[in-house]
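Colleague: what follows is a predicted structure for the sequence shown.
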Amino acid sequence: MSLYEELMKANEHYAASFDRSSLTAPPARKLAVVVCMDARLTVEEFLGLRTGDAHIIRNAGGVVTEDALRSLIISHKLLGTREFLVINHTDCGMLTFKDEDLRRRLAEETGADASELEFHAFDDLEANVRAQVQKIKDSPFIADDVVVRGLIYDVKTGRLREVA
Ligand SMILES: [Zn+2]
């Protein structure tokens, strides 16, 4: 069975006992999380969240990009979230390369101009978390009383710690 076939079979199984049809779109716990896409992070599990509780916005690094901010503004203004978390993690792939190296590699491999691409790689985990939190706080489109916290998830222990 191909991966795709396995996934579709899993979905059939899921839909057969589906019981979440009464959920509404606004997150029940008024929470939004920006978090790295790393496959080792099962966000709902490590935060004790259930379907319908929170918006989970994932990308490489857990970076508050223009698009992540777009999602947060919609989350907050249209769907009522009041509390945000930014979560980065130990052993993140974003610590292992530099934007300019990836740009050069892409240009070499494809011949296309990669000079405008931003990957948001970083070399200091804590500083990166603080910078992402600050980007949210600096946005005029997120109310000042929205609570924004930055955390680091440890892939060896499963534990979260807040970045001061
Ligand atoms: Zn990561």
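Modeller: Looks like it came in fine.

Colleague: if we ignore the residues flanking it in sequence, what's nearest residue 79?
Modeller: Distances taken as CB to CB, 6 or more residues apart in numbering place residue 26 nearest to residue 79, at 4.6 Å, with adjacent residues excluded. The way it works is simple: take the backbone N, C-alpha and C, and place the C-beta from them, glycine included.

Colleague: cool, and residue 112?
Modeller: Excluding the flanking residues, the one nearest residue 112 by CB to CB, 6+ apart is residue 106, at 7.1 Å.

Colleague: contact residues of this protein facing the ion?
Modeller: Residues of the chain lying close to the ion (CB under 5 Å from the ion) are 36, 38, 92.

Colleague: these two touch, right, the second one and residue 95?
Modeller: This means residue 38. No. If you go by CB atoms under 8 Å, residue 38 and residue 95 don't touch, sitting 11.4 Å apart.

Colleague: more neighbours: which of the two?
Modeller: Taking neighbours as other CB atoms under 10 Å, residue 38 and residue 95 compare with residue 38 leading, 19 against 16.

Colleague: what strand or helix carries that one?
Modeller: Element membership for residue 38, per DSSP states H and E: none, as it lies in no helix or strand.

Colleague: ramachandran angles for the residue nearest to residue 79?
Modeller: Backbone dihedrals for residue 26, given as degrees, to the nearest 10, come out at phi -70, psi 130.

Colleague: before we move on, what about the one 10 residues further on?
Modeller: Note on residue 36: backbone dihedrals following degrees, to the nearest 10 are phi -60, psi 150.

Colleague: what does stretch 55-65 rub up against?
Modeller: Stretch 55-65 is contacted from outside by 27, 31-37, 43-44, 49, 67-68, 71-72, 75, 79, 81, 86-89, 92-94, 119-122, 128, 132, 135-136, using CB atoms under 8 Å, 6 or more residues apart in numbering.

Colleague: which among these end up buried?
Modeller: By neighbour count, with 16 or more other CB atoms under 10 Å, those hold 27, 31-36, 43, 49, 68, 71-72, 75, 81, 86-89, 92, 94, 119-122, 128, 132, 135-136 as buried.

Colleague: among the residues you listed, which lie within strands?
Modeller: 31-36, 86-89 (DSSP state E).

Colleague: distance check, residue 50 against residue 24.
Modeller: Separation of residue 50 from residue 24 (CB to CB, to the nearest Å): 14 Å.
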